[in-house]
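# 3D, please:
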Amino acid sequence: MPDQALQRESGFALKAQLEFIGFCWKKVCFPGFLDKSIVFKSYSRISFMHSTRKFVFSALFLTLTLGPLKAQIEAPKASESIVFIGNGLGERMIDHPYLEVRLLHRFPEQHLVLRNLCRPGDTPGFRPHPSRKSQWAFPGAEKFHPQHGVHAGEGSHPTPDEWLTTLKADTLVAFFGYNESFDGAAGLENFKGELTAFIAHTAAQNYNGKGAPRLILVSPIAYEDLSKTRALPNGKLENENLQLYTQAMAEVAAANQTFFVDLFTPTSRIYPTLAKPLTRNGFLPTDEGYKALSKILIEKIYGPGESKSSAPADAVMAAMKDRNWFWFNDYRMLNGVHVDGRRYKPFGPDNYPAEHKKMREMVVNRDQALWAMIEGKPFDLIAADAATTVLPPVQTNFNPGGDGSVPEYKYGKDAEACLTTPEGYKVEQFASEKEFPNLAN
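Modelled structure (predicted):
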């Protein structure tokens, strides 16, 4: 079982780091304990090379910072806005929201505001969007991706910082490292520079009006070897690169005093112990995979803890997926080229602002429904939705006469009688907006 494997992994890492602390203590207290030039590889797979006591303090600091001995961050505050950003690992949590459900169960009285801004392919600095003129997350990010200099985006889709300001983000959970790992060892220093610049930019922001957000960096998971049953790589090369990039994230996080969660190490050790795969194709978690990851994440961030709500998990999960559907259709509204892209005018201003407003009101309603469910309180979602913004009627732009008159629309037999068909053909109506109102345009 995943939970049992996690317990073994945690125990192994704890034992290894206790041994390493003892090792370092001897080196600090007894300088002659080791030769001046050493190479040491810790159980957490982080290699260090140095020649003085500075090595010992650095290695000890990294070990204490990155492993189970590090104190978890404090519990979220009331109404805290926690926003997921980053790559596809985080994006698919919209469909598999186990982490969000665990957060609500663990902290039921805090009324957490949880939002997901992840998009597949996003990096710390490179976040393209076709309806945005700039594809960069912060000034200067372009120097880390000179190969992506050409961008023909056009529109008014909010920038990453604008979204985070709208959401009044208090805490960012940032999933990075997987896309970047395809650059291999050659791209490592560039990635570290990009991540460092992102951390510095984030520390200078004030999304919630109260100060800089709390930042949590999350590494990629390991690549799962499914090559025995699927036509897929065995993951050896992929994991070599993923390990390099996880280590790079750890080093950058430690250097910048940023909280870091290593998902690579526990997943790489869990995979061989499981009867069923935790990924669909080596790198995309299954539903059970996301369930297992949610436990790892919440315990690494906030420490072990039990649910404080008796609300049925299945009901909360269904309500969370419903909330996420409405949120996704705000942040990623379909047909975006008309919503805020190059085809926004002339008709977009008549339709989409009101739809965005209503969608966000319905998202907030579902937040409140979730909080009530978690606390065992009633909430009338139907009544709440009925009180949201009334959408204005959509005026037709079909004006064949040029005089502004409304054309006559015929139905059924009347419409069929107006049509002329070639010999051997006929027209039969089988559905219209009278029988199926949702077909109305």
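# from here on, contacts and neighbour counts on C-alpha atoms
Noted.
# What's the separation between Leu381 and Gln247?
Computed with CA to CA, to the nearest Å, the distance linking Leu381 and Gln247 is 46 Å.
# So for these two, which residue has more residues nearby?
Neighbours per residue (other CA atoms under 10 Å) separate Leu381 from Gln247, with Gln247 holding more: 20 against 14.
# The more buried one belongs to a helix?
Yes: counting by DSSP: H, G, I helix; E, B strand; the rest coil, Gln247 is located in a helix.
# Roughly how far does it sit from Gly209?
Using CA to CA, we find Gln247 at a distance of 33 Å from Gly209.
# Ile216 now?
19 Å.
# How about Gln429?
Distance from Gln429 to Gly209, counting by CA to CA: 58 Å.
# Kindly state the pLDDT recorded for Leu14?
The predicted structure scores Leu14 at 43 on the pLDDT scale.
# go on, Met49?
You'll see Met49 listed with a pLDDT of 34.
# Quickly find the element holding Ala174.
According to DSSP states H and E, Ala174 maps onto strand 171-175.
# What is that strand packed up against?
strand 81-86, strand 214-218 (3 or more CA pairs under 8 Å, 6 or more residues apart in numbering; DSSP states H and E).
# Contacts made by the longest one with the rest, please.
Meaning strand 81-86. 90, 112-124, 164, 167-176 (CA atoms under 8 Å, 6 or more residues apart in numbering).
# go on, stretch 95-107?
Contacts of stretch 95-107 with the rest of the structure, by CA under 8 Å, 6+ apart, involve 76, 93, 111-112, 114, 287, 290-291, 293-295, 297-298, 305-309, 311, 313, 316-317, 320-321, 324, 371, 374.
# So among those residues, which ones count as buried?
Among the contacts of stretch 95-107, those scoring as buried are 76, 93, 111-112, 114, 287, 290-291, 293-295, 297-298, 309, 311, 316-317, 320-321, 324, 371, 374 (criterion: 16 or more other CA atoms under 10 Å).
# quick one on the thing from earlier: of Ile216 and Gly209, who's got more company?
Ile216 (18 against 12).
# Ala254 is in contact with that one, correct?
No: assessed by CA atoms under 8 Å, Ile216 is found out of contact with Ala254, at 11.8 Å.
# Just to be sure, Ser432 is in a strand?
No: counting by three-state DSSP, one finds Ser432 to be coil, located in no strand.
# Number the chain from 13, please
That works, and once the first residue is 13, the last one we named lands at Ser444.
# Neighbours of it, how many?
Summarising burial for Ser444: neighbours were counted as other CA under 10 Å, giving 13.
# again, but for Glu201
With other CA under 10 Å as criterion, Glu201 counts 12.
# Could you look up the SS state of it?
Once three-state DSSP is applied, Glu201 turns out helix.
# distance of it from His213?
With distances defined as CA to CA, the gap from Glu201 to His213 amounts to 18 Å.
# Same check on Glu92?
Counting by CA to CA, the separation of Glu92 from His213 is 21 Å.
# and the spatially most central residue of the chain, what is it in contact with?
The residue at the geometric middle of the chain, judged as the C-alpha nearest the mean C-alpha position with CA atoms, centre = their mean, is Gly102 (2.8 Å). Remark: with contacts taken as CA under 8 Å, 6+ apart, Gly102 is in contact with Phe96, Asn128, Cys130, Arg131, Phe187.
# before we move on, what about Asp299?
Listed by CA under 8 Å, 6+ apart, the contact set of Asp299 reads His108.
# still on that earlier bit, so which of the helices and strands packed on strand 183-187 gets nearest Phe272?
Nearest to Phe272, of all the helices and strands packed on strand 183-187, is strand 226-230, at 4.7 Å by CA to CA.
# Starting from the closest one, tell me which strands it pairs with and how they run.
Counting by DSSP bridges, the strands paired with strand 226-230 are strand 183-187 (parallel), strand 271-273 (parallel).
# which residues are in contact with the last one?
Contacts of strand 271-273 from elsewhere in the structure, counted by CA under 8 Å, 6+ apart, are Leu78, Leu227, Ile228, Leu229, Val230, Ser231, Met261, Ala262, Ala265, Leu309, Lys312, Ile313.
# try it again with 7 Å
Here strand 271-273 makes contact (CA atoms under 7 Å, 6 or more residues apart in numbering) with Leu78, Leu227, Ile228, Leu229, Val230, Ser231, Ala262, Ala265, Lys312.
# Now render the residues you listed as TSV, adding distance to Val375 and pLDDT.
As requested, these are arranged in TSV below (distance: CA to CA, whole Å; pLDDT from 0 to 100):
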residue	distance to Val375	pLDDT
Leu78	36	42
Leu227	24	98
Ile228	25	98
Leu229	26	98
Val230	26	98
Ser231	29	98
Ala262	35	98
Ala265	33	98
Lys312	29	97
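# Please tabulate these in JSON lines, including the columns distance to Gly424.
As requested, the contacts of strand 271-273 are arranged in JSON lines below (distance: CA to CA, whole Å):
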{"residue": "Leu78", "distance to Gly424": "70"}
{"residue": "Leu227", "distance to Gly424": "61"}
{"residue": "Ile228", "distance to Gly424": "60"}
{"residue": "Leu229", "distance to Gly424": "60"}
{"residue": "Val230", "distance to Gly424": "59"}
{"residue": "Ser231", "distance to Gly424": "60"}
{"residue": "Ala262", "distance to Gly424": "68"}
{"residue": "Ala265", "distance to Gly424": "67"}
{"residue": "Lys312", "distance to Gly424": "63"}
